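Chemist: Any chance you could fold what I've pasted below:
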Amino acid sequence: MRTKEEFNSSFPIQVRIPVQWGEMDAFGHVNNTVYFKYFETARLAYFNAVGVMQDMQDNQLGPILAETNAKFKRALVFPDQVTVGANVTEKHEYGFLMQYGVFSKQQQTITTLGVGRIVMVDYKSGKKVKPSNKLLHSIQALEENNRTKGHEA
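Modeler: The predicted structure follows:
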């Protein structure tokens, strides 16, 4: 995946984020920890789109990031604006696997790919729970309805 078209068809939820001067480290590029903040922003936009945040408020059922990683392909530098995308690639018994991508406007390519394993938790008991059918249907609808076009949150 390299082009904006491939990026758009892969990520139904996308957010634009300006690269900040203060995000760069001593080596003159965006520090690797910042990418996980970018992923978080896209993940929360995705959660809002499928109703996770509302369910968390109403029923105390919500997501926990159990595992995450990133593959850095190209460095980002200030000034730039990135588009960060999120999708769900796999559904599991107690959650799902999300994929993230970072597309640089300046470089016109994907600079970073990442994944995050999400586990649904009952915040009252602290135990993992199965995602609701409503959530699974919302995820499926979002992924299917936006397969060929990007959606900016």
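
Chemist: How far does the longest strand seen in the chain sit from its chain's centre?
Modeler: Assignment by DSSP state E gives strand 109-122 as the longest strand of the chain. Per Cα atoms, centre = their mean, to the nearest Å, the displacement of strand 109-122 from the mean C-alpha position of its chain is 5 Å.

Chemist: Please name the residues that touch residue 97.
Modeler: 88-90, 115-118 (Cβ atoms under 8 Å, 6 or more residues apart in numbering). For the C-beta atoms, the positions are set from N, CA and C on the backbone; glycine is no exception.

Chemist: hang on, it is in a strand, isn't it?
Modeler: Yes - assessed with DSSP: H, G, I helix; E, B strand; the rest coil, residue 97 lies in a strand.

Chemist: so how far is residue 66 from it?
Modeler: 10 Å (Cβ to Cβ, to the nearest Å).

Chemist: Need the residues touching each of these two.
Modeler: By Cβ under 8 Å, 6+ apart, the residues touching both residue 97 and residue 66 are 117-118.

Chemist: for residue 58, helix, strand, or coil?
Modeler: What three-state DSSP gives for residue 58 is helix.

Chemist: Would you mind pulling the contact partners of the following helix or strand past the longest strand of the chain?
Modeler: Next along the chain after strand 109-122, taking DSSP states H and E as the criterion, comes strand 127-128. Residues outside strand 127-128 that contact it (Cβ under 8 Å, 6+ apart): 94-95, 119-122.

Chemist: Look up the closest residue to residue 97, ignoring the ones flanking it.
Modeler: residue 90 (4.1 Å; Cβ to Cβ, 6 or more residues apart in numbering).

Chemist: Quick one: neighbours of that neighbour, just the number.
Modeler: 11 (other Cβ atoms under 10 Å).
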